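**Q** give me a model of this one.
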Amino acid sequence: MVFQSQSKAIAGVLLTKDRNKREWENVLNSDAWTITGLPEELRGALYLSYDTLPSALKQCFLYCSLQPKNHEFDVDELVLEWIAEGYIKPSGNSTMEDVAKDYYMELIRRSFLQPDSKYVDMSICTIHDLLRGLAQALAGDENFLGDPQDAQKADSIKKLRRLTVSSERDNVSIEHLYSLRKLSLSTPPNLNTSVIGSLKHLRLLILNGDRIENIPDSIGDLVHLRLLNLYNSRICELPESLGNLINLQFLLLSCCKSLHILPRSITKLCSLRRLILHKTPLNYVPKGIGKLEHLNFLTGFVIGNNGINEGEGCDLEELQKLKNLSYLEIENLEKARGKSALVLSNKPSLRELYLSCTPNISGHVQQQEMDKIVQVFDELSPSISLFDLTIANYFGARYPKWMTPTSISIAFLELSYLKLINCSKCPQLPSFGQLPQLKYLRIEGATAVVSIGPEFLGNGEPAESAFPKLQYLELSDMANWEEWSLISGEEDTKLESSNLLLFPHLKTIVINHCPKLKALPRGLNLIQKLKIFRAHNLSRVSDLRALRELVVVDCLMLKCVEKLESLQNLKMMDAVDTNLPEWLISFLQQHEKLHDNQFHLQLECSAQALKGCLKGHPYWNFLQQVPRLEAYAENKSMYLKYIKDPFSYQTNVDEDIN
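**A** Residues are numbered from 1 along each chain as shown. Presented below is the predicted three-dimensional model:
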């Protein structure tokens, strides 16, 4: 493992050098190879890789020493904390956030950070134990991860600048740590927050978890504070002295379940760049938020008030002056008043937008309210720079005008991610096929939709131009959806003989809880992954030549699965039926790909069905031809695992089970 880390370190260094003999000899002859004062496993290539970093990247890397082993770093958290520490400077037209993200990617490129493969955008990463050890060794006495009492015993306490509390004690104390620039605490320890005001040099204060119940008035004395993170705390209020923090850039208040009111002084935070209120049940947002002209990231912005605090709260006009926003969440839009035509269109940097009405009210609205919300959304015409759009809990009978076929392809030239969540009153979906850059489309809770037809592709446009970049499509919780067709009857007869390609880059389709859907459309020839959950009326899955992975869960009426020549992974889940479904038996008996050693069958079934899969039982005759089989029952407590070649057969199932 040490050798592997050293090799990656050398590779990371050489990536930054020109490919010539002189540059590589300079690396070979570097004094960094002979550094002393470090443990042996941290010398050589590991230290060399650090030594060649630009100074700003060195600071960012050392900062990672403040988290425990196996910690998953979130790019957004690192970006904000690096900025708050002062490591990041704006460059040209790039914001500090942009520069910090570039630093993050550079640390990945040089193998200092390892991205988690589950996240295609590399937003989550880890750090190898040896590199974490190197960061801790080089940070020395400035950074400390552990019990504050241990830090206070050290002779070097005056050098301590950053503390992440990790302790098994019920209570911890931070008295006398007056030089701290960063204090971070997550549950479980209790902390006497009254002493926070004495930490005059703090730039970052992170107090997460339900043991944080109050913030003292003295927090207003922390004039150097750049970041305040109270995620998931139990605070009920914030002191008015918060408004004294004129250098505060990031205020993170998400998931504060007991926080219902913000101090009016929040409008005095003239340096604020990010205000996070996501999943915090505020009664209202104080008027004057529009004065925070540096704000570029705002979540959980609620319109109006809860009816108790009459005269309080903001309308859409409050957002008019916030022209630097790149990310915006607006909630309770049914309470909007007045004109809102320019609220979004004058924001050229806006990339991500979330628009929502109050959840769970669509079943109780009158026609007048439905007409009003349509008018509100009609006026909310977003900037053409939009990259990611979510519309949630919308209860209008039609989608906004800026989503009509004649407007959508012009209005959203860069839109790549689109989610419609619980838009339950609109019977017809917009012509999303005309969006030139759309890669991800999720439609959930569109309960008024009965049919999806060619209009979904576009307004009379040739089908080959529809969804040119789409890679992922999810349709879920559509209780009344019955029909899905992509082309009209005349075009259907020509499909096989033409060069017509629908969804040319579509890789994955997910259909979840659409109980009335009768059939899949023709034209999905290029999809590679299909997941179908609880489509109780679906009878057939066939003619998907490129399909490599199929997941079928609780599809009660499914009768036929065939003509899937490229299939390599098949997963079936049905924990109720005592028999394997007929479609599965027929498919396995006929499917020629079973001779391909890549084919993998996964079953999650009832205990009785699993017993039938064992050697000598009814299903074994055809299951033994499967190259690789995994079958489970009773929440995976019972299993059968089989490999055809080289032969392996494992099970814990009692053959006498009833």
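
**Q** apart from its chain neighbours, what residue comes closest to Leu524?
**A** Leu544 (6.1 Å; C-beta to C-beta, 6 or more residues apart in numbering). All C-beta atoms are positioned from the backbone trio N, CA, C, and that covers glycine.

**Q** low pLDDT regions in the stretch 501-650 of the chain?
**A** 501, 592-596 (pLDDT under 70).

**Q** actually, the stretch 51-200 of the chain.
**A** Using pLDDT under 70, the stretch 51-200 of the chain drops low at 152-156.

**Q** now do 80
**A** Residues of the stretch 51-200 of the chain that meet the criterion pLDDT under 80 lie in 150-157, 168, 170, 175-176, 187-189.

**Q** count of neighbours near the residue nearest to Leu524?
**A** Per other C-beta atoms under 10 Å, the neighbour tally for Leu544 reads 23.

**Q** kindly report the same for Tyr649.
**A** 13.

**Q** same check, this time on Phe456
**A** 19.

**Q** does it touch Leu486 like I think?
**A** Yes - counting by C-beta atoms under 8 Å, Phe456 sits close enough to Leu486 to count as a contact (7.5 Å).

**Q** and what about the residue nearest to Leu524, helix, strand or coil?
**A** At Leu544, secondary structure determined by DSSP: H, G, I helix; E, B strand; the rest coil is coil.

**Q** contacting residues around it?
**A** Neighbouring residues of Leu544 by C-beta atoms under 8 Å, 6 or more residues apart in numbering: 524-525, 527, 530, 563-564.

**Q** isn't Val449 right up against Pro430?
**A** No - applying C-beta under 8 Å, one finds Val449 not in contact with Pro430, separated by 11.4 Å.

**Q** now do the strands in the stretch 251-400 of the chain.
**A** With strands called from DSSP state E, counting those that start in this stretch, the stretch 251-400 of the chain shows them at 274-276, 297-302, 327-331, 352-356, 388-392.

**Q** now render those as TSV, adding mean neighbour count.
**A** Shown next, in TSV, are the strands of the stretch 251-400 of the chain (neighbours: other C-beta atoms under 10 Å):
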stretch	mean neighbour count
strand 274-276	23
strand 297-302	21
strand 327-331	22
strand 352-356	20
strand 388-392	19
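
**Q** out of the ones you listed, the one nearest Leu131 is which?
**A** Closest to Leu131 of the strands of the stretch 251-400 of the chain, according to C-beta to C-beta: strand 274-276, at 28.6 Å.

**Q** quick one: list the elements packing against the closest one.
**A** strand 250-252, strand 297-302 (3 or more C-beta pairs under 8 Å, 6 or more residues apart in numbering; DSSP states H and E).

**Q** and it, average pLDDT?
**A** Averaged across strand 274-276, the pLDDT comes to 98.

**Q** what pairs with it, parallel or antiparallel?
**A** Next to strand 274-276 in the sheet, as set by DSSP bridges, lie strand 250-252 (parallel), strand 297-302 (parallel).

**Q** turn the helices and strands packed on strand 274-276 into a markdown table, including distance to Thr578 and mean pLDDT.
**A** Listed next are these as a markdown table, based on distance: least, C-beta to C-beta, whole Å; pLDDT from 0 to 100:
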| stretch | distance to Thr578 | mean pLDDT |
| --- | --- | --- |
| strand 250-252 | 52 | 99 |
| strand 297-302 | 49 | 97 |
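
**Q** number of residues surrounding Gly92?
**A** Using other C-beta under 10 Å: Gly92 sits among 6 other residues.

**Q** do Ser539 as well
**A** That count, for Ser539 with other C-beta under 10 Å as the rule, works out to 13.

**Q** would you confirm that it contacts Leu556?
**A** No - shown here, Ser539 and Leu556 do not form a contact pair, counting by C-beta under 8 Å, at 10.0 Å.

**Q** now distance to Met403 too, for the strands paired with strand 274-276, in JSON lines please.
**A** JSON lines is the format used below for the strands paired with strand 274-276 (distance: least, C-beta to C-beta, whole Å):
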{"stretch": "strand 250-252", "distance to Met403": "32"}
{"stretch": "strand 297-302", "distance to Met403": "22"}
